[in-house]
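> Here is a sequence with its predicted model. Questions after.
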2 protein chains.
Amino acid sequence: MPYTYEFARPALTVDCVVFAHDPGEGELRLLLVRRALPPFAGAWALPGGFVRVGESLDAAARRELVEEAGLDKVYLEQLYSFGEPHRDPREHVVTVAYYALVRLGAEEVHGATDASDAAWFALSDLPPLAFDHQRIVDVAERRLRAKVRYEPIGFELLPPTFTLSQLQRLYEVILGQELDKRNFRKKILASEVLADTGDVQKDVAHRAARLYRFDERAYRRLQKRGFHFEV
Amino acid sequence: MPYTYEFARPALTVDCVVFAHDPGEGELRLLLVRRALPPFAGAWALPGGFVRVGESLDAAARRELVEEAGLDKVYLEQLYSFGEPHRDPREHVVTVAYYALVRLGAEEVHGATDASDAAWFALSDLPPLAFDHQRIVDVAERRLRAKVRYEPIGFELLPPTFTLSQLQRLYEVILGQELDKRNFRKKILASEVLADTGDVQKDVAHRAARLYRFDERAYRRLQKRGFHFEV
DNA sequence: TCAAAAGTGTTACAGATACACCCATGT
DNA sequence: ACATGGGTGTATCTGTAACACTTTTGA
């Protein structure tokens, strides 16, 4: 009997904590799917599922996002692995958790995705979650809060071009604190990771704001010179 | 057939990147074990092994450290999970990597532990490693470097009481840069996470330095008040 | 003309950096 | 007495925080 079969093995899943930002809300949103099968049938849970043999963890997470939520090409990063023996009542299931950041199109914000039963919830008003998924969400939230301060990942939650006020509101939502407008603008523009598109907002009932985009090329250049982004 | 058996499952292991600090060296050391069995028989590898059903990931990591390296009660933290399908030539094996920080007793520094074939290597002069273990070591090193700046984990690598110079040298080794003695002392003492033991060094051929210990209680108090440690 | 958000500079303070000498101890 | 590391203070610089008004635009 080969060495690898000496012991029974735990099952292995991936689960994804999918964050989105609705500009109209003062809070992040989280994507949940309703479970069709036991255990926790009918309960809300993180999108996820079993890792297949021959499939990398990242690939499994991306596949589940497509299958269960219709989400493709999102920002995705591994979060932490959870392996308490009784986190799944059936048997020992270890899950590798990921978190994802997505840009909401207007049609996706309200109402479900094309998957059968998926919906967005305000982060502070989640329904009871299956398994230890609330715990995973908590860990993801802490990580996002910490990471957004020193890596430019916030842009993943915004449309490709955005105003400085939109960016500031996003940071205020994630960090849970108000920021000074002048200081925020000074700092973010001084960092030189934003490029002015030359365009301005359309169809707003007040002075139109300049539109910026995240300049990934500039960011990489700065990074190589030892610069580190910080809000 | 139950849902969980729908697909064949990858195997699941834990691997530990064990760092130690030898005061005499200008560099961290890493614990490796020699593999007895194929694949990579005879090669050096990270201590680790299969996760058993009913065992948490942390417990598996701690068990492997005891079994393979004779190390108990060390600082241990989950690092990252690696699951590329071909990282193990036999079959698909996913590993949850941990890193550990240990205090070296004089007798452990040179020569192996009580385990059959374990040894310490200078981090920059490792032998070729089995599997993707070099990659795991690289990730661990980056994490340690980053984390040591804003969490007081460096103390885990030092004896319970230590001098400020020992602490400074440790930081210099981890961060790979020289630090100014006066500024270092000012900053670390101002942070109030060190307690003066009242004792001094013994048996040194020069003025004996004060011995400090990390004051975990004080650190927790400060943490609650929103303070964050930084070097 | 009003409402709503865009845009803009200066001052004060705190923390970080740079820097060089005397002291205590054992050999 | 000398070699070795222990221990200390100040001046400058840099970045952060606090703070209020004018401008543009569409309704």
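Sure, I can see it. Residues are numbered from 1 along each chain as shown, chains lettered A, B, ... in the order given.

> From here on, just use CA atoms for contacts and neighbour counts.
Fine.

> Surely A:Pro10 touches B:Ala8?
No. Using Cα atoms under 8 Å, A:Pro10 makes no contact with B:Ala8, being 11.4 Å away.

> Low-confidence bits of chain A, can you list those?
Chain A contains residues with pLDDT under 70 at A:1-6, A:106-116.

> Ramachandran coordinates for the closest residue in space to A:Val231 that isn't next to it in sequence?
Of all residues not flanking A:Val231 in the chain, A:Arg149 sits nearest, at 5.1 Å (Cα to Cα, 6 or more residues apart in numbering or on different chains). Main-chain torsions, A:Arg149, degrees, to the nearest 10: phi -70, psi -30.

> Spit out the contact partners of A:Arg149.
Counting by Cα atoms under 8 Å, 6 or more residues apart in numbering or on different chains, A:Arg149 makes contact with A:229-231.

> Show me which of those residues are buried.
Buried members of the contacts of A:Arg149, counted by 16 or more other Cα atoms under 10 Å in any protein chain shown: A:Phe229.

> Among the contacts of A:Arg149, which one lies nearest to A:Arg213?
A:Phe229 (15.6 Å; Cα to Cα).

> Pull the number of nearby residues for the residue nearest to that closest one when sequence neighbours are not counted.
Using Cα to Cα, 6+ apart and skipping the chain neighbours, the partner closest in space to A:Phe229 is A:Tyr150 (5.2 Å). A:Tyr150: 12 surrounding residues under other Cα atoms under 10 Å in any protein chain shown.

> Secondary structure and distance to B:Leu32 added to the contacts of A:Arg149, as a markdown table?
Converted to a markdown table, the contacts of A:Arg149 look like this (DSSP: H, G, I helix; E, B strand; the rest coil; distance: Cα to Cα, whole Å):
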| residue | secondary structure | distance to B:Leu32 |
| --- | --- | --- |
| A:Phe229 | coil | 36 |
| A:Glu230 | coil | 37 |
| A:Val231 | coil | 40 |
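
> how about TSV for the contacts of A:Arg149, with distance to A:Leu46 added?
Converted to TSV, these look like this (distance: Cα to Cα, whole Å):
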residue	distance to A:Leu46
A:Phe229	30
A:Glu230	30
A:Val231	29
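
> Any chance of a markdown table for the contacts of A:Arg149, columns distance to DNA strand D?
What follows is the contacts of A:Arg149, written out as a markdown table (distance: Cα to the nearest atom of the strand, whole Å):
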| residue | distance to DNA strand D |
| --- | --- |
| A:Phe229 | 9 |
| A:Glu230 | 7 |
| A:Val231 | 8 |
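
> What is the neighbour count of A:Ala61?
29.

> and the strand or helix carrying A:Lys187, what does it pack onto?
Assigned by DSSP states H and E, A:Lys187 belongs to helix A:181-190. With contacts defined as 3 or more Cα pairs under 8 Å, 6 or more residues apart in numbering or on different chains; DSSP states H and E, helix A:181-190 has these neighbours: helix A:164-175.

> For DNA strand C, tell me whether the helix it packs on is touching it.
Yes. Applying Cα under 7 Å from any atom of the strand, one finds that helix A:164-175 is in contact with DNA strand C at A:164-166.

> Only whichever of the residues you listed are buried, select them in PyMOL.
Listed next is the PyMOL selection for buried residues among the residues of helix A:164-175 next to DNA strand C, using 16+ other Cα under 10 Å:
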select buried, chain A and resi 164+166
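
> mind checking how far A:Thr163 is from B:Tyr171?
Going from A:Thr163 to B:Tyr171 by Cα to Cα, to the nearest Å gives 41 Å.

> can you check A:Leu79 too?
Taking Cα to Cα, one finds A:Leu79 at 27 Å from B:Tyr171.

> go on, A:Arg52?
42 Å.

> do the same with A:Arg225
Distance from A:Arg225 to B:Tyr171, by Cα to Cα: 22 Å.

> Next: A:Ala118.
48 Å.

> Wait, A:Ala208 touches A:Ser165, no?
No. A:Ala208 is not in contact with A:Ser165 according to Cα under 8 Å; the separation is 11.3 Å.

> Return the residues of chain A in contact with chain B.
Proximity of chain A to chain B is confined to A:4, A:7-12, A:50-57, A:78, A:80-86, A:92, A:96 under the rule Cα under 8 Å from any Cα of the partner chain.
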